[in-house]
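**Student:** model this:
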Amino acid sequence: MTIKSVTVVDHPLVQHKLTLLRDKTSSTKIFRELFGEIGALLCYEATRDLTLQTVEIETPFAAMQSPILAGKKLVLAPVGRAGMGLLDGVLKLMPAARVAHVGVYRDPRILVAVEYFFKAPDDMAERLALVLHPMLATGNSAVAAIDRLKEAGAKQVRILCMLATPRAIETVRGNHPDVAIFTAAIDDDVTDTGYIVPGLGDVGDRMFGTK
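**Tutor:** Numbering: from 1, shown residues only. This is a model prediction of the structure:
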């Protein structure tokens, strides 16, 4: 389902895995595995329109013209520690992708993005950047990450997120209308402390077993 640059990946496998992910009784191991699996499925949808070129190869029986990806591979940009949970699954699909590190966290008191680290490839302008941002809650961290990637030269940016809220979608659209969002679901809103409802809880803590 696509709504104004937002694609909700409603494939049955994604929705089934998302339900298991939401369940508070899921172990850290299961949570981490499901996160990577859903990340790979979201990436599949987000890269559906990648450009192909034709090359000649030899099969065991004959020569043939066959398609491969054209141009430079993508840049994956996980945001904060939670974003790393999406990275493994996406890298399994695209092991040759470059990785930019976007160290941003949301200040729990005022819900604004705070940057603590940033590193990206020098040739960002020649690559599609996929922002791996699991929880698009307020949209502030996503906007900050996109700002930095564009400052580094990125011209094509897309967001992969597990969940999004209407307010976050509007925040991203208002600041970066050219950025498409791919998500497994759109939830209702956020709590006063910035967590998505019904959501997944604190993704970083559930993923790394820190609470």
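
**Student:** Quick one: low-confidence residue ranges for this protein.
**Tutor:** Along the chain, the parts satisfying pLDDT under 70 run over 1-4, 107-112.

**Student:** Tell me the helix or strand right after the longest strand anywhere in the chain.
**Tutor:** Determined from DSSP state E, the single longest strand within the chain is strand 156-164. Scanning forward in sequence from strand 156-164 by DSSP states H and E, the next helix or strand is helix 166-175.

**Student:** Now the closest residue to residue 18 other than its chain neighbours: which helix or strand?
**Tutor:** Ranked by CB to CB, 6 or more residues apart in numbering and with sequence neighbours excluded, the top spatial neighbour of residue 18 is residue 184, at 4.9 Å. Any C-beta I mention is one placed from the backbone N, CA and C, and that applies to glycine too. Here residue 184 sits within strand 180-186, counting by DSSP H and E.

**Student:** Indicate each strand paired with that strand and its parallel or antiparallel sense.
**Tutor:** Taking DSSP bridges as the criterion, strand 180-186 forms sheet pairs with strand 6-8 (parallel), strand 156-164 (parallel).

**Student:** hey, which of the ones you listed is tucked in deepest?
**Tutor:** By mean neighbour count, with neighbours taken as mean count of other CB atoms under 10 Å, strand 156-164 ranks first of those at a mean of 25.

**Student:** Run the angle between that one and helix 166-175 for me.
**Tutor:** Following axes from the mean of the first three to the mean of the last three CA atoms, to 10 degrees, one obtains 170 degrees for the angle between strand 156-164 and helix 166-175.

**Student:** Pull out the buried positions in stretch 188-200.
**Tutor:** Going by neighbour count (16 or more other CB atoms under 10 Å), the buried part of stretch 188-200 is 190, 194-196, 199-200.

**Student:** now the helices for the protein?
**Tutor:** For the chain, applying DSSP state H gives helices covering 12-22, 28-46, 80-93, 140-151, 166-175, 203-208.

**Student:** need these in a markdown table with mean neighbour count and distance to residue 121, can you?
**Tutor:** What follows is the helices of the chain, written out as a markdown table (neighbours: other CB atoms under 10 Å; distance: least, CB to CB, whole Å):
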| stretch | mean neighbour count | distance to residue 121 |
| --- | --- | --- |
| helix 12-22 | 15 | 29 |
| helix 28-46 | 20 | 18 |
| helix 80-93 | 21 | 15 |
| helix 140-151 | 22 | 11 |
| helix 166-175 | 17 | 23 |
| helix 203-208 | 18 | 25 |
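
**Student:** For the ones you listed, give me JSON lines that also has distance to residue 126.
**Tutor:** Supplementary listing: the helices of the chain in JSON lines, determined by distance: least, CB to CB, whole Å:
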{"stretch": "helix 12-22", "distance to residue 126": "30"}
{"stretch": "helix 28-46", "distance to residue 126": "18"}
{"stretch": "helix 80-93", "distance to residue 126": "19"}
{"stretch": "helix 140-151", "distance to residue 126": "13"}
{"stretch": "helix 166-175", "distance to residue 126": "24"}
{"stretch": "helix 203-208", "distance to residue 126": "31"}
